[in-house]
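Student: Return atomic coordinates for the entry below.
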Amino acid sequence: MDVHKKVRWGVLGAGRIAHTFCQDISHAKYAELIAVAARKIDSATSFANAYQIPIALEGYQALYTHAEVDAVYIATPHTLHFEQAKAALSAGKHVLCEKPITVNPEQCQQLIKIAAENNCFLMEGMWTYFLPTIIQAKKWVDSGRIGAIVHVKADFGYPVKLVEGDRMYNPALAGGCLLDMGIYTLAIAQHFIGQQPVHSQYRHRRAKTGVEDDLTILAQYRDATATLACSFRAKLQNSAYIIGEKGYIDIANFWRADHCALYVIDDKVDEFNEQRSGSGFEFQIDAASKSILADQQEAALMPLSTSLILQYQMQDILQAIANT
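Tutor: You can find the predicted model right below:
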């Protein structure tokens, strides 16, 4: 890998999450931002001016085919991810796509196939996995500091006002708290337990639009249990606890964590405080960029197999609660 080279990124979409990406890419060592595309040129131009992006494009096709763009970051609503990632990959662009990468496992499988056929890198933007705090917590687990994992507890919720037609509550746009917030809790359980659940139970409430706005998951694994929750109705504790036979790890605000602590029974025996320059996206941007520069088609920390596992888990949950 050429340590002096940078991946030239283009951003597809100019919404809230795209702003975080553009703010944090300035702290990435192996990436530079050169283009943004939006449906309307005025939006693209305004966005480009805000972040000193040299190229503003009207329409997404112009981004897929632009000769100076190496990789595309997809920052649009869930239901657009598949077609946009497919188009970018088919044009030979590497892709980092926001969560969830697709809205069903079949779409995810197709993208994996298209990426392989075009020798392109593809990754779901599970930025939590790349945070130094989560990496440190995983090191503690892997080195036996807390013993074998017995429980994982995680929740993620914030009040989200129901606005008529809003994507978050729109069933036609894959609305509901599971795909927006619950995916983080499933991902953190998958990351630490490393197994598929053998049995799960669910409790949920529905908004008047029909999508789930509050969901609790009790998942039984071969060797552990996970208690997970997500909500549009209330702010939850938003913490993760990785609990082993000898101790536990407390990760506050786990999806964006910058601190974790290790306990043995009631005593704090170790802690980690992270120093970061941006809001945390810079770590996944650099990881994706380094993989691209190394001619790798996926990232070791967030392989495509994990994205597919999460897709199947979410499909199973949505099918189960649809029948209750």
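Student: Let me know the secondary structure of Gln296.
Tutor: On the three-state scheme (DSSP: H, G, I helix; E, B strand; the rest coil), Gln296 is labelled coil.
Student: Quick check: it touching Cys120?
Tutor: No: if you go by C-beta atoms under 8 Å, Gln296 and Cys120 don't touch, sitting 10.7 Å apart. Heads up, the C-betas are built off the backbone N, CA and C, glycines and all.
Student: which of these two has more neighbours?
Tutor: Cys120 (22 against 14; other C-beta atoms under 10 Å).
Student: Quick one: the strands in the chain, in order.
Tutor: 7-12, 31-38, 55-58, 71-74, 94-97, 122-124, 149-157, 199-206, 212-220, 225-231, 239-244, 248-252, 259-264, 267-273 (DSSP state E).
Student: from the chain's centre, how far out does the second one sit?
Tutor: Spelled out, that is strand 31-38. 20 Å (C-alpha atoms, centre = their mean, to the nearest Å).
Student: tell me the mean pLDDT for that strand?
Tutor: Per-region confidence: strand 31-38 scores 97 on mean pLDDT.
Student: Could you dump the strands of the chain into CSV and include mean neighbour count and distance to Gly175?
Tutor: What follows is these, written out as CSV (neighbours: other C-beta atoms under 10 Å; distance: least, C-beta to C-beta, whole Å):
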stretch, mean neighbour count, distance to Gly175
strand 7-12, 25, 21
strand 31-38, 23, 22
strand 55-58, 20, 28
strand 71-74, 25, 18
strand 94-97, 27, 18
strand 122-124, 28, 19
strand 149-157, 22, 15
strand 199-206, 14, 11
strand 212-220, 21, 9
strand 225-231, 22, 13
strand 239-244, 22, 24
strand 248-252, 22, 28
strand 259-264, 18, 32
strand 267-273, 12, 36
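Student: right, and those - which one's nearest Lys139?
Tutor: strand 267-273 (9.3 Å; C-beta to C-beta).
Student: Next up, the contacts around Pro37.
Tutor: That one is not Pro; residue 37 is Ala. For Ala37, the contact set (C-beta atoms under 8 Å, 6 or more residues apart in numbering) comprises 10-13, 44, 56-60, 62-63.
Student: mind redoing it with 10 Å?
Tutor: Listed by C-beta atoms under 10 Å, 6 or more residues apart in numbering, the contact set of Ala37 reads 10-14, 43-44, 47-48, 55-64, 66, 69, 72.
Student: Can I get the strands of the chain in JSON lines including distance to Lys113?
Tutor: Formatted as JSON lines, those follow (distance: least, C-beta to C-beta, whole Å):
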{"stretch": "strand 7-12", "distance to Lys113": "21"}
{"stretch": "strand 31-38", "distance to Lys113": "25"}
{"stretch": "strand 55-58", "distance to Lys113": "28"}
{"stretch": "strand 71-74", "distance to Lys113": "18"}
{"stretch": "strand 94-97", "distance to Lys113": "13"}
{"stretch": "strand 122-124", "distance to Lys113": "10"}
{"stretch": "strand 149-157", "distance to Lys113": "31"}
{"stretch": "strand 199-206", "distance to Lys113": "28"}
{"stretch": "strand 212-220", "distance to Lys113": "29"}
{"stretch": "strand 225-231", "distance to Lys113": "30"}
{"stretch": "strand 239-244", "distance to Lys113": "33"}
{"stretch": "strand 248-252", "distance to Lys113": "35"}
{"stretch": "strand 259-264", "distance to Lys113": "37"}
{"stretch": "strand 267-273", "distance to Lys113": "39"}
